[in-house]
Each structure stands twice: as structure tokens, then as C-alpha cells.
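Q: Sequence first, then the predicted structure, then my questions.
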Amino acid sequence: MSTTITKIDPESPEFKTELEKTIKFTDKVCSQFGFAYNPDMEINQGIQFGLTRNKLMHGKRYCPCFFITGNKEEDRICPCKPAIEHEIPEDGVCHCQIFCTPEYAASQAKTEEIEAVVHQHSRGLSTEECEFLLQKNNIDADELAALFEARELGMVTFKLVDVREWMEWKSGRIEGVDVLVPTSSFFQTLNEVGLQNSDNIIVYCHVGSRSAHCQRILTDMGFTKVSNLAHGIVGYNGKIVRG
């Protein structure tokens, strides 16, 4: 079976000319609606290329993240109505992620900066960066290690909570963990360990699933700063205490 593939050369003068028009178009969308570009320029370039391709192939800048069906009611022309009315106001970013609220763009830029610091180990975190990390829903092993370092320097306070069972705790736990609150006796033990609703809390388990459940429970109970260690102790490459 043969397949017909439409090939558009991004190096062609035609494409480059249309791409310039697309960039001016997306600039105008940002200005008109008060949007900001995603701080990840690769995302923006990819979407601009897709919009340009669709303009050359179909005559309009259809959203490149959706199939073009030929149904005017379904096909999305950029900037699409769902993005303007729902996605950006509610989520801070459109489905394609090129257009954001200024607040979302600033938050993403800060996240990328901190991730570069913790994963490349180029320097220690600032107090502001520590506080920003502790607002995240999920943190990874490198981020926890950076927070441990900052806690030792007195820059930040948080409670690391192990929600596995006592048997698992004895077999091996993350060095620096503060309390054990087993999932099987979660509510009873929680009352005993004295956690405060305003505490910065990080929960972890074996792979991150039980702790995600406990995170939701704590949030429902009014705890305002609860992060989950993604991938749990299995994904942690720091020191483990046994016994």
C-alpha cells in the first residue's frame, strides 16, 4: 500500500517567508490578549513551524496539535476559542503551550531555573528557591537532596514523612526523615506526631503511589504545603539508613 506524504521544506524561501508572517501573528496574539510566550523557546518554535505548515497546506493557521477534519465547527484556528475562553484563564496555558498568562510563564521560568540548579549541581539553592520548591506538588530525588542541604544550613524548614509500614522503615529509610506515619494507621499516628497545618511537609513511600494518596488526604484535612516525593525511596539516590 502506498502512502502519499505531503513534504514541505522548512529551508525553502516560501516556508521562511510564511514563518516570518507566523511569528508576527503570534506576537500580535500575545499583545492583543495580554498573553506571554512559554519560556521554553523550543515549544514556541515547534508550534510556529506547525502553524506555518498548516497555513501553506490548508490556507489557515490551524492549531498543529489537533487533526484537521474539514469540519468548521471542530477544526481549531489559532488562537482557538477553547484556549481563549477556558484553557488559558483556568490552566494558565493553552493546549499547545505556546500562549500563557504572564504569571504561568514566570512560574515556568523559575521552575526551569531551579531544575537546572538541582540537576546540574551548579550551586546551592537560595531561600526563595527552597520555598518555591516546597510549593510543588511533586519533587524528585535531586530536589529533595538540595532541600536537605538547605535545611542543614538553616535556610528552610520542612518535615519529611515516611508513610510506609514499620517493617519497611526498619529495612531502609531515607536519612533525614523526620517521622513515620504508616498508611495502615495513618490517622491515629498523625495525631501523635504533632504535624501542623502550616508545616512544609514532604511525604514518601516505596514508589510514590501511597504517598500521593496520603498527600491528598492531608490536603483535604487542611494541610497547605504538602509535596510528594516522585518515585519514592526507590528513586532516591541519597543515603539510606537501615535498622
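A: Happy to help now that I have it. Since the model is a prediction, treat every value here as computed from it, not as a measurement.
Q: Other residues contacting the helix or strand of the chain with the lowest mean pLDDT?
A: Every helix and strand in the chain was compared by mean pLDDT, DSSP states H and E; the lowest is helix 102-120, with a mean of 85. With CB atoms under 8 Å, 6 or more residues apart in numbering as the test, helix 102-120 has contacts from 34-40, 91-93, 100, 122-125, 129, 132-133, 136, 142-143, 145-146. Backbone N, C-alpha and C define where each C-beta goes, glycine included.
Q: 6 Å - rerun?
A: The contact list for helix 102-120 (CB atoms under 6 Å, 6 or more residues apart in numbering) reads 36, 39, 92-93, 129, 132, 142-143, 146.
Q: Which pLDDT value belongs to the closest residue to residue 79 other than its chain neighbours?
A: Of all residues not flanking residue 79 in the chain, residue 29 sits nearest, at 5.1 Å (CB to CB, 6 or more residues apart in numbering). With respect to pLDDT, residue 29 has a value of 97.
Q: With residue 235 instead?
A: Residue 235 is given a pLDDT of 93.
Q: if you count residues, which helix in the protein comes out on top?
A: For the chain, the longest helix by residue count, based on DSSP state H, is helix 13-33.
Q: gap between that one and the chain center?
A: The chain centre lies 28 Å from the centre of helix 13-33; the measure is CA atoms, centre = their mean, to the nearest Å.
Q: just stretch 22-35 next, same as before
A: That offset, for stretch 22-35, works out to 24 Å (CA atoms, centre = their mean).
Q: in it, what counts as buried?
A: Across stretch 22-35, burial judged by 16 or more other CB atoms under 10 Å covers 22, 25-26, 29-30, 35.
Q: any idea how far residue 204 is from residue 104?
A: For residue 204, the distance to residue 104 (CB to CB, to the nearest Å) stands at 28 Å.
Q: ok, those two, which is more surrounded?
A: residue 204 (31 against 19; other CB atoms under 10 Å).
Q: Please determine how far the nearest residue to the more buried one once chain neighbours are set aside is located from residue 118.
A: Among residues not flanking residue 204 along the chain, residue 229 sits closest, at 3.8 Å (CB to CB, 6+ apart). Going from residue 229 to residue 118 by CB to CB gives 14 Å.
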